[in-house]
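Peer 1: sequence isn't available, so here's the structure alone:
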């Protein structure tokens with residue numbers, strides 16, 4: 001019945017369009033689970049337990065508003081109650097990174113990857129931290145792992161382009177930026193990267 005309803009409501013529906021969001025908002029949405037690899041239908045919740053939707057929404061709002069200190073407090077409390085909530089760990093890692101607490105952010109991403117080595121969000125989150133440290137080889141490895149899991153992940157292509165640009169390889173960088181733009185044509189940052 002649900003599949004029939006989905007078919008009926010999808011008829012003549014406009015195609016979804018990508019939003020034009022800045023890097024920080026994209027990272028926050030990724031941590032909240034709105035971006036990154038898709039979860040197969042019927043897949044179990046990787047967190048091992050359901051999160052309180054009201055709490056998740058409240059923390060998400062704090063993160064999008066840049067109130068990461070408040071988000072950290074709520075996330076740390078939630079993880080003390082249930083340490084298996086991987087989505088909370090991803091959100092906590094993102095907030096730590098935004099607060100400049102890179103070692104704490106890495107530790108959270110490491111914990112997620114220890115439980116789920118295929119977490120696209122954690123792989124991209126870790127790559128974002130390592131690119132700031134100039135660890136090009138590690139970023140390339142993480143992005144390649146990401147693309148093996150999600151071949152159309154625009155964040156991985158953007159990071160690979162940034163690495164190549166930093167290495168003085170503009171032709172290689174352009175190839176990655178073009179792919180990111182092809183996947184997310186409405187994201188202004190993709191156009192700016194390619195123009196650079």
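Peer 2: Thanks, I have the structure now. None of these values were measured; they are calculated from a predicted model. Numbering: from 1, shown residues only.
Peer 1: pLDDT score for residue 162?
Peer 2: Predicted confidence (pLDDT) for residue 162: 96.
Peer 1: which secondary structure element contains it?
Peer 2: If you go by DSSP states H and E, residue 162 is part of helix 154-166.
Peer 1: downstream of that helix, the next helix or strand is which one?
Peer 2: Heading C-terminal from helix 154-166, the first helix or strand you meet, by DSSP H and E, is helix 170-183.
Peer 1: how about the helix or strand containing residue 103: buried residues?
Peer 2: In this structure, residue 103 sits in helix 102-115 according to DSSP H and E. For helix 102-115, a neighbour-count test (16 or more other CB atoms under 10 Å) marks 104-106, 108-109, 111-113 as buried. Quick note: C-beta positions are derived from backbone N, CA and C, even for glycine.
Peer 1: ok, these vs residue 155, which is closest?
Peer 2: residue 109 (14.0 Å; CB to CB).
Peer 1: contact partners for that closest one?
Peer 2: Contact partners of residue 109, counting by CB atoms under 8 Å, 6 or more residues apart in numbering, are 89-90, 93, 122, 125-126, 129.
Peer 1: list buried residues within those residues.
Peer 2: 89-90, 93, 122, 125-126, 129.
Peer 1: distance from the helix holding residue 103 to the middle of the chain?
Peer 2: 14 Å (CA atoms, centre = their mean, to the nearest Å).
Peer 1: ok, stretch 61-75 next?
Peer 2: Computed by CA atoms, centre = their mean, the chain-centroid distance of stretch 61-75 equals 17 Å.
Peer 1: so which bits of that stretch are buried?
Peer 2: Counting neighbours by 16+ other CB under 10 Å, stretch 61-75 gives 62-63, 68, 71-72, 74-75 as buried.
Peer 1: now it: mean pLDDT?
Peer 2: Mean per-residue pLDDT for stretch 61-75: 93.
Peer 1: can you check stretch 180-193 too?
Peer 2: Stretch 180-193 comes out at a mean pLDDT of 92.
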